[in-house]
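Enquirer: kindly generate the corresponding structure for this input.
(chains A and B)
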Amino acid sequence: MHLKYESTLREPLVDGVKDYHKVTEDIIGPIEAKPGKLWYVGFFISLSLLAFGAFSVFWEVYFGIGVWNLNKTVGWGWDITNFVWWVGIGHAGTLISAILLLFRQGWRTGVNRAAEAMTIFAVMCAGQFPIFHMGRVWMAFFVLPYPNTRGPVWVNFNSPLLWDVFAISTYFTVSLLFWYSGLIPDFATVRDRAKTKLRKLLYGIASFGWTGSTKHWQRHESLSLVLAGLSTPLVLSVHTIVSFDFATSVIPGWHTTIFPPYFVAGAIFSGFAMVQTLLIITRKILHLEDYITIGHMDAMNKVIVLTGSIVGCAYLTELFMAWYSGSQYEFAEFYKYRAAGPLGWSYYIMMTCNVVTPQVFWFRKMRRNVMVTFIMSIIVNIGMWFERFVIICTSLYRDYLPSSWVYYRPAWPEVGFYLGTFGLFFTCYFLFAKYFPVIAVAEIKHVLKTSGESFKKDMTKYEQESPEKFAHDVAHAH
Amino acid sequence: MAAKKFVVGCFDDEAVLFPAVKKVRAAGYKIHDVYTPFPVHGLDHAMGLRETSLHTAGFIYGITGTTTALSFMSWVFTTDWPMNIGGKPHFSLPAFIPITFELTVLFSAVGMVMTFCYLCQLAPFVKKHVFHPRQTDDKFVMAIEVTGKTGADELKNFLTAAGAQEVHEQTAETGWWLGRFDREDRLFSEQPTPLNA
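Expert: This is a model prediction of the structure:
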């Protein structure tokens, strides 16, 4: 008898007839097999995007930031839009790995590893934009508070831009540690069943000599729980601080107090969409449909419709406050330059993709449809990119002096830089999908006997007995 | 570091493992360790291990981060180089909160992971003896030290009676050393047949 009993009414988290060894085979198997043709095609497309991105960045560094179409009026364009977009995408990974762990949501076990990997790669991509936006990128280390020979003149600790430096670097470090500490036992699994010397060597190094000792597992559990507890406020703080970049300024359209919750909800919204995009492809190619089930997608779509609606409420609140505040600048910003004006089209793309279309997820049938979910995940990502574009560019392109009003469109190095981060992201993701266990093997084994489909069938006999007897039996089982 | 003799019992199911641990302890044998492919809740208590204090260490690292950040920023802005930023007070506590929070989390997380690795002797190139190649896959492996008082054969019979599927004797180093898994361990396909079952 297992220590934990879960109702048969709850959907199983692992489909099919599995035992512990089968779980290992299913998840570690793809690492040991040669990658398919699709993998190579995808990997080389990503690599070429990365190369193009590197060239675009080289161009920008060599000739200066003037090669971008930024100007005196629109000082933040695609670069900061992309920065906020990528950071936001990262948030879903931490939400899944940390917040859902604290809320004891069992379904997170199937998706947390890939989602955390996505977080790390997305934050890596995000970090490029502010760094290269500095222009003289070789001076980037000036953002660090180190004792220098210029006084020392310290950095401005009151500036939200500096808070960002601390927030993003802490977020990256903590996510990486959390992710890697979870990977260590799984690397040991790959190591111990290795059939080639090279694999044994490399996974032996990566697994840090893990043996699965009970004491080590006890510490590992404690570590995971505390890291989850730390990551939960951390992830909320990161996008809050990103929103402070805007909210602490006095630009109409930026200067609002709803930005922190609005940004965090938007981040989770776009992040879950990216998780869906990646996992729908991953589960198909690696044949992991038993572990990343329709039920997982259903749960994530519920989060998407919830956070999408929060974002929708925030849009309406902004519109209401622009009128109710009586500030003519706020009013002009929202009703003349966002909802109308030359860049108005982006506002409607944002509204349609983020508020209107996700409403299909109120229907169970739609939430559980793979094709609908995939298309919606792309739409949401487009919508969330435009949200950041709207917030940044439409607030800037019409300032207080009509003589400085401009239209903004990106130059090729800006587009190239953005494509390059896609290259970086997918290059990393392809390598991850090939060489890392994309599902947390040990965690799946941990929930297998309570939430596996084949084990759930055995629970019927417990369902018929009285809860008192069950509790008594558990208490005296050993 | 010295090589010791062990009797190793492999169990298929944690439901069999629990009573076995209890029996072994009641019979007075010294369990060296139990190796499991995933965290088995309650096994640490069954083995009589004490709770870990890793979270306490995490708390201490956290408050170290808090005090470092707060005192450093206050020192910089009030003593070392007071700067007039928009006429705001030099000691502007609300503006220090974000960085203070981030450093608290950073110190706590980094410190805890390093402590975890130190306590469990985990690092790249660390080599430890693996009693059974499937202890990270699907087997629950109990290693019992053979001392002068415990006979190996007696122990083997005891473990078989307690439900172990596979019992054998091994001589192994108990600590860790720097080494390579590909040099010192056999590959899975080269393991003797009972292990591959």
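Enquirer: surely residue B:16 meets residue B:163?
Expert: Yes. Residue B:16 is within contact range of residue B:163, at 4.1 Å (criterion: Cβ atoms under 8 Å). For every residue, glycine as well, the C-beta is placed using N, CA and C.
Enquirer: please name the nearest non-neighbouring residue to residue A:21.
Expert: Ranked by Cβ to Cβ, 6 or more residues apart in numbering or on different chains and with sequence neighbours excluded, the top spatial neighbour of residue A:21 is residue B:138, at 4.2 Å.
Enquirer: with residue A:70 instead?
Expert: Per Cβ to Cβ, 6+ apart, closest to residue A:70 is residue A:77, 5.1 Å.
Enquirer: tell me how many other residues crowd the residue of chain B found nearest chain A.
Expert: Nearest to chain A in chain B, going by Cβ to the nearest Cβ, is residue B:181, at a distance of 3.0 Å. When neighbours are defined as other Cβ atoms under 10 Å in any protein chain shown, residue B:181 has 26 of them.
Enquirer: and what of residue B:124?
Expert: Counted with other Cβ under 10 Å, residue B:124 comes out at 11.
Enquirer: pLDDT score assigned to it?
Expert: pLDDT for residue B:124: 93.
Enquirer: the residue lying closest to it once chain neighbours are set aside and residue A:178, how far apart?
Expert: Counting by Cβ to Cβ, 6+ apart, residue B:124 lies nearest to residue A:205, which is 4.8 Å off, once chain neighbours are set aside. According to Cβ to Cβ, to the nearest Å, residue A:205 and residue A:178 sit 20 Å apart.
Enquirer: which of the two has more residues huddled nearby?
Expert: The neighbour comparison of residue A:205 against residue A:178 (other Cβ under 10 Å) goes to residue A:178, with 27 against 18.
Enquirer: quick one: is whichever helix or strand the more buried one is part of near chain B?
Expert: Assessed by DSSP states H and E, residue A:178 sits inside helix A:160-192. Yes. Remark: helix A:160-192 sits within contact range of chain B at A:160, A:162-163, A:166-167, A:170, A:173-174, A:177-178, A:181, A:184-185, A:188-189, A:191-192, by Cβ under 8 Å from any Cβ of the partner chain.
Enquirer: circling back: quick check: the residue of chain B closest to chain A touching residue A:204?
Expert: Yes. Residue B:181 is within contact range of residue A:204, at 3.0 Å (criterion: Cβ under 8 Å).
Enquirer: overlap of the contact sets of these two?
Expert: Residues touching both residue B:181 and residue A:204 (Cβ atoms under 8 Å, 6 or more residues apart in numbering or on different chains): A:191, B:127.
Enquirer: got the confidence number for the nearest residue to residue A:335 once chain neighbours are set aside?
Expert: Once flanking residues are discounted, residue A:335 sits nearest to residue A:322: 6.7 Å by Cβ to Cβ, 6+ apart. pLDDT, residue A:322: 93.
Enquirer: residue A:322: what's it in contact with?
Expert: Shown in contact with residue A:322 (Cβ under 8 Å, 6+ apart): A:330, A:331, A:333, A:334, A:335.
Enquirer: run the chain-centre distance for the helix or strand hosting it.
Expert: Under the criterion of DSSP H and E, residue A:322 resides in helix A:294-324. Helix A:294-324 has its C-alpha centroid displaced from the chain centroid by 17 Å (Cα atoms, centre = their mean, to the nearest Å).
Enquirer: in which helix or strand does the residue of chain A found nearest chain B reside?
Expert: Residue of chain A nearest chain B, by Cβ to the nearest Cβ: residue A:204 (3.0 Å). Under the criterion of DSSP H and E, residue A:204 resides in helix A:197-206.
Enquirer: now do that helix and helix A:160-192, the angle between them.
Expert: 130 degrees (axes from the mean of the first three to the mean of the last three Cα atoms, to 10 degrees).
Enquirer: what sits up against helix A:197-206?
Expert: Applying Cβ under 8 Å, 6+ apart, the contact partners of helix A:197-206 are A:32, A:183-184, A:187-188, A:190-191, A:194, B:124-125, B:127, B:180-182, B:185, B:187.
Enquirer: give me the next element, helix or strand, following it.
Expert: helix A:214-247.
Enquirer: and that next one with chain B, contact?
Expert: Yes. Using Cβ under 8 Å from any Cβ, helix A:214-247 reaches chain B at A:214-223, A:225-227, A:230-231, A:233-234, A:237, A:241, A:244.
Enquirer: find the helix or strand that residue B:183 is a member of.
Expert: Short version: residue B:183 belongs to helix B:181-184, going by DSSP H and E.
Enquirer: need the contact list for the most centrally placed residue in chain B.
Expert: Geometric centre of chain B, nearest residue: residue B:120, 4.4 Å, by Cα atoms, centre = their mean. Contact analysis of residue B:120 by Cβ under 8 Å, 6+ apart lists A:210, A:213, A:215, A:216, A:219, A:220.
Enquirer: ok, and the closest non-adjacent residue to the second one?
Expert: By that I understand residue A:213. residue B:33 (4.9 Å).
Enquirer: report pLDDT for the residue of chain B closest to chain A.
Expert: Model confidence at residue B:181 (pLDDT) stands at 84.
Enquirer: longest helix of chain B?
Expert: helix B:93-119 (DSSP state H).
Enquirer: what does the next helix-or-strand element following that one contact?
Expert: Heading C-terminal from helix B:93-119, the first helix or strand you meet, by DSSP H and E, is strand B:126-128. Applying Cβ under 8 Å, 6+ apart, the contact partners of strand B:126-128 are A:204, A:208-209, A:211, B:121, B:173, B:175-181, B:184.
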